[in-house]
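Chemist: Please work out how this folds:
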Amino acid sequence: MAKATLGNHLKSLRTEAGLTQADLAERVGVSRKTINTVENGVFTPSATLALQLARALGVPVEALFFLQN
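Modeler: The predicted structure follows:
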């Protein structure tokens, strides 16, 4: 079975909310670079950060992150 990786809709949901990477980073207490690396799939967020990002964007975590094969 192929290992699934974590995909996300972070950039599109962030821009729909009218937020910059820096705005979102400030809301969840991380650096702008962290937001950038999550958006680009370089960094897999912890469950805590994933939930904080979803809350900050007003969406369920399942709408923000998904498994891709």
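Chemist: pLDDT weak spots in the chain?
Modeler: For the chain, no stretch is flagged by pLDDT under 70.
Chemist: Just say helix, strand or coil for residue 3.
Modeler: What DSSP: H, G, I helix; E, B strand; the rest coil gives for residue 3 is coil.
Chemist: Just give me the residue closest to the centre of this protein.
Modeler: Centroid check for the chain by C-alpha atoms, centre = their mean gives residue 10 as the closest residue, at 4.4 Å.
Chemist: Please name the residues that touch the closest residue in space to that one that isn't next to it in sequence.
Modeler: Sequence neighbours aside, residue 39 is the residue nearest to residue 10 in space, at 4.8 Å (criterion: C-beta to C-beta, 6 or more residues apart in numbering). From N, CA and C alone the C-beta is placed, and that goes for glycine too. Going by C-beta atoms under 8 Å, 6 or more residues apart in numbering, residue 39 touches 8, 10-11, 14, 21.
Chemist: among those residues, which ones are buried?
Modeler: By neighbour count, with 16 or more other C-beta atoms under 10 Å, these hold 8, 10, 14, 21 as buried.
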